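Visitor: sharing a model that was predicted from the sequence below.
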Amino acid sequence: MTALSTTLSSHRFTRRLFLCSVLVLLAGVIAVLVTVFGNTSPNTAPSPNPSPAPPARVAKPQPSVALAAEAKHVAGTFIQTAVVRKNLAEAWKISGPGIRQGLTRSQFLSGNIAVVPIVEPIVGATIFKTDYSHPTAAQVEVAVLVKPAGAKQGQVKLFYAGLRRLGRGAAAHWVVNSWAPWVPLAVRATP
């Protein structure tokens, strides 16, 4: 007898061959059942004539416009009220949802608001750069000159102010929706 005929006639080989045959048969039965019945869930059953997906909607970019005088005025008023924590009732009127962050009016008037404050006396403020200006949104960079008590010279603090135009028609008005300090990027010198 040769090695092949011995292996083929062994009881162990016959048992393994039978087990492999059963597994292959079982896999074939499962494949047939999945093919025939598939997913019968009513929510995911394929329709006989699937309709094509609707075309993707591409957002139209807003045109760039000159920064509205009302937006400039609102930014200035915001600095004089919310930023220095004075006349918060007026600040409430010109604060957008990004500044209010779900606060009630009485919570807002407490002064614990999402606005980086300036505690030093303000000498002046100006919008020195308009990052973008559209009919309903704008972002400006604001320089605020402060003079701490006892200091000989003033200091300039830089901020980003995000403005939005809310409402329509006669009810349309500008609000400050974000106020964040300008933070310079750290630059690492390479040797």
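Guide: Perfect, thanks for sending it.
Visitor: grab the nearest non-local neighbour of L109.
Guide: Distances taken as CB to CB, 6 or more residues apart in numbering put L88 closest to L109, at 4.9 Å, once the chain neighbours are dropped. All C-beta spots, glycine's among them, are computed from the backbone N, C-alpha and C.
Visitor: same question, I118
Guide: V83 (5.3 Å).
Visitor: residues contacting the one you found?
Guide: V83 sits next to V115, V116, P117, I118, V144, W179 when contact means CB atoms under 8 Å, 6 or more residues apart in numbering.
Visitor: and the gap between it and S95?
Guide: 11 Å (CB to CB, to the nearest Å).
Visitor: low-confidence stretches in the protein?
Guide: Applying pLDDT under 70 to the chain flags the ranges 1, 3-5, 7-8, 39-50, 186-191.
Visitor: report the central residue of the protein.
Guide: Nearest to the geometric centre of the chain sits G98, at 12.1 Å (CA atoms, centre = their mean).
Visitor: wasn't that one part of a helix?
Guide: Yes - judged by DSSP: H, G, I helix; E, B strand; the rest coil, G98 forms part of a helix.
Visitor: contact partners for the residue nearest to L109?
Guide: T81, A82, F108, L109, G111, I113.
Visitor: now which of those residues would you call buried?
Guide: When these are checked for burial by 16 or more other CB atoms under 10 Å, the buried set is T81, A82, F108, I113.
Visitor: can you list the residues you listed in CSV and add secondary structure and distance to G154?
Guide: Formatted as CSV, those follow (DSSP: H, G, I helix; E, B strand; the rest coil; distance: CB to CB, whole Å):
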residue, secondary structure, distance to G154
T81, helix, 21
A82, helix, 21
F108, helix, 30
I113, coil, 25
